[in-house]
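In: I'll drop the sequence and a predicted model, then ask my questions.
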Amino acid sequence: MPNGGTRRAKITSLGRYVPPRVVTNDDLSKLVETNHDWIVERTGIHERHWVEPGTPSSELAVHAIDDCLKRRGIEADEIELIVVATVTPDMFFPSTACVVQNKIRATKAWGFDISAACSSFLYALTTGAQFIESGKHKKVLVVGADVMTSILNPEDRTTLVLFGDGAGAVLLEPCEDGEEFGILDYHHEIDGSGGEHLYMPGGGSLHPPSHETVDKKMHYVHQNGQAVFKFAVRKMEELSTSMLERNNLTGDDIACFVAHQANLRIIDAAAKKAGLAPEKVIKNIHKFGNTTAATIPLAIGDAIDDGKLKKGDLVLFAAVGAGFTSGSVLVRWAF
């Protein structure tokens with residue numbers, strides 16, 4: 001948290017984008033052995049948005065950034081830093097931040113990617129905030145963008161039904177004198193012992209691309225769903241309640257709870273444990289599925305549209321992802 005005269009980082013704008021193509025549960029039942037009721041009962045997902053083949057994460061990111069900058073009324077050449085959260089970069093290198101910087105013509109910006117799977121956006125948000133709080137930068141773009149369909153096994157119903165494609169972007173700026181907005185507190189963790197439960201084994205230096213890795217379907221998401229679910233429920237509950245406790249807050253003080261949208265049951269369990277009323281829990285997994293780094297900014301947008309998140313409100317973010325990674329962030333909303 002900022003102290004000693006530093007200026008807290010506040011979110012001043014938000015943009016989002018999902019590709020126009022909608023894929024319903026019934027559509028997926030034509031590809032794999034599944035059905036609408038089975039998917040809804042286990043995940044809460046009704047539909048998701050998928051890109052057309054060959055569409056990179058940077059393209060989705062640019063759409064979200066354009067929306068974000070337009071809403072704030074600024075130009076790309078005012079941006080000083082771009083932090084892109086993604087697990088599906090356009091390529092290993094250069095970074096997707098470099099690709100995005102070139103596409104939007106952010107000529108004065110530097111940047112980098114963060115890979116923390118479903119926790120990536122929160123990690124990127126708090127990382128970007130450090131450059132505001134230090135006084136080094138005044139305009140930082142934080143982007144969460146993933147094309148999960150690029151790494152899904154079209155024959156694996158357990159993962160195919162879960163994911164969608166999308167992007168969200170926020171602008172971080174310093175608070176003005178006397179303002180009480182911004183990122184108030186955060187807590188992040190990793191537990192590398194859980195890496196074996198959710199991963200993509202092929203393509204890196206351990207298993208470089210080859211005919212063998214392709215034949216063994218090593219370039220797709222592999223998941224032990226039960227192990228991931230158990231960890232996510234426990235950790236999301238733990239992070240949410242501890243963030244409130246360490247800030248002397250209760251669920252009554254929170255206007256919105258925006259959790260990573262991976263599974264409806266995980267979100268509901270965490271909210272109940274934290275004492276949050278159902279109407280304060282933002283859920284849009286039914287229409288977007290799990291968009292990995294994009295779920296939280298997409299959900300924030302829905303909360304604003306629905307009038308559930310307003311200037312001055314306290315909002316609690318929480319996420320759990322592959323790694324295992326996890327994090328929570330407490331924010332006083334600024335617009």
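Out: Received the coordinates, thanks.

In: List the residues that contact Cys68.
Out: Taking CB atoms under 8 Å, 6 or more residues apart in numbering as the criterion, Cys68 is in contact with Ser13, Leu14, Gly15, Leu141, Ala169, Val170, Leu171. The C-beta positions use only the backbone N, C-alpha and C, and glycine is treated the same way.

In: Give the rounded mean pLDDT of the helix or strand where the fourth one lies.
Out: The secondary structure element spanning Leu141 is strand 140-147 (assigned by DSSP states H and E). If you average the pLDDT over strand 140-147, you get 99.

In: which other helices and strands contact that strand?
Out: Applying 3 or more CB pairs under 8 Å, 6 or more residues apart in numbering; DSSP states H and E, one finds that strand 140-147 contacts helix 57-72, strand 81-85, helix 120-133, strand 165-174, helix 295-305.

In: CA atoms of the longest one as PDB?
Out: Provided in PDB are the C-alpha atoms of helix 57-72 (Å, rounded to 0.1, in the frame of the first residue of the first chain):
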ATOM      1  CA  SER A  57      -4.900 -12.000 -28.400                       C
ATOM      2  CA  SER A  58      -3.300  -8.700 -29.400                       C
ATOM      3  CA  GLU A  59      -6.300  -8.000 -31.700                       C
ATOM      4  CA  LEU A  60      -8.800  -8.400 -28.800                       C
ATOM      5  CA  ALA A  61      -6.500  -6.300 -26.600                       C
ATOM      6  CA  VAL A  62      -6.400  -3.500 -29.100                       C
ATOM      7  CA  HIS A  63     -10.200  -3.400 -29.200                       C
ATOM      8  CA  ALA A  64     -10.500  -3.200 -25.400                       C
ATOM      9  CA  ILE A  65      -7.800  -0.500 -25.200                       C
ATOM     10  CA  ASP A  66      -9.500   1.600 -27.900                       C
ATOM     11  CA  ASP A  67     -12.700   1.400 -25.800                       C
ATOM     12  CA  CYS A  68     -10.800   2.300 -22.700                       C
ATOM     13  CA  LEU A  69      -8.900   5.300 -24.100                       C
ATOM     14  CA  LYS A  70     -12.000   6.600 -25.900                       C
ATOM     15  CA  ARG A  71     -14.000   6.600 -22.600                       C
ATOM     16  CA  ARG A  72     -11.200   8.600 -20.900                       C
END
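
In: List the buried residues for that helix?
Out: Neighbour counts over helix 57-72 (16 or more other CB atoms under 10 Å) mark 57-69, 72 as buried.

In: okay, the helices and strands packed on strand 140-147 in CSV with mean pLDDT next?
Out: As requested, the helices and strands packed on strand 140-147 are arranged in CSV below (pLDDT from 0 to 100):
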stretch, mean pLDDT
helix 57-72, 98
strand 81-85, 99
helix 120-133, 98
strand 165-174, 99
helix 295-305, 98
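
In: Just put those in JSON lines and tack on distance to His46.
Out: Shown next, in JSON lines, are the helices and strands packed on strand 140-147 (distance: least, CB to CB, whole Å):
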{"stretch": "helix 57-72", "distance to His46": "21"}
{"stretch": "strand 81-85", "distance to His46": "25"}
{"stretch": "helix 120-133", "distance to His46": "23"}
{"stretch": "strand 165-174", "distance to His46": "15"}
{"stretch": "helix 295-305", "distance to His46": "15"}
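
In: closest to Pro201 out of these?
Out: Pro201 lies closest to helix 120-133 among the helices and strands packed on strand 140-147, at 19.4 Å (CB to CB).

In: right, and Ser13 touches Ala64 too?
Out: No. Using CB atoms under 8 Å, Ser13 is not in contact with Ala64; the gap is 10.9 Å.

In: circling back to that earlier point, and the furthest pair within the contacts of Cys68?
Out: Leu14 and Leu141 (11.2 Å).

In: nearest to Ala255, of the contacts of Cys68?
Out: Distances from Ala255 to these, taken by CB to CB, are shortest for Leu14, at 15.8 Å.
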